[in-house]
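> predicted model, plus sequence, below.
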Amino acid sequence: MPIHRVVKMTFKPENLDDFLLVFEESKDKIRARSGCLSLQLIQDLDRPNILSTSSIWESQNDLEDYRNSELFIETWRKTKIHFSEKAEAKSYEILYWLP
């Protein structure tokens, strides 16, 4: 079953543009990872300094392979320095999906 991963990140408002540069540098590499079916960056309408990544993976193993990769480690290192709060991550099994 596919996995939907959502990571909610709250940024210091003055660092939002810095994170967007990090995302721009890494998004195509993440999307090219084996098992990555989709990747979105979404923004809270009421609090624009809250962004979430939403990704769909073919399996839990594919997600874990990415999370253990040098790409993830480096991207996360460059991302978390811009947080104003700890990130929240959730994984969901997709029961029904219309791609």
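Yes, it's here. Fair warning: this is a prediction, and the values are worked out from it, not measured in the lab. Numbering: from 1, shown residues only.

> packing partners of the longest helix that the chain contains?
In the chain, with assignment by DSSP state H, the single longest helix is helix 16-31. When contacts are defined as 3 or more C-beta pairs under 8 Å, 6 or more residues apart in numbering; DSSP states H and E, helix 16-31 packs onto strand 36-43, strand 50-57, helix 70-80. Just so you know, the C-beta spots here come from the backbone N, C-alpha and C atoms, and that holds for glycine as well.

> who does the first one pair up with?
Paired neighbours of strand 36-43 in the sheet (DSSP bridges): strand 50-57 (antiparallel).

> off-centre distance for the partner strand?
4 Å (C-alpha atoms, centre = their mean, to the nearest Å).

> still on that earlier bit, tell me which of the helices and strands packed on helix 16-31 sits most buried.
Mean neighbours per residue, mean count of other C-beta atoms under 10 Å, is largest over the helices and strands packed on helix 16-31 for strand 50-57, with a mean of 19.

> angle of that one against helix 70-80?
Relative orientation of strand 50-57 and helix 70-80, computed by axes from the mean of the first three to the mean of the last three C-alpha atoms, to 10 degrees: 170 degrees.
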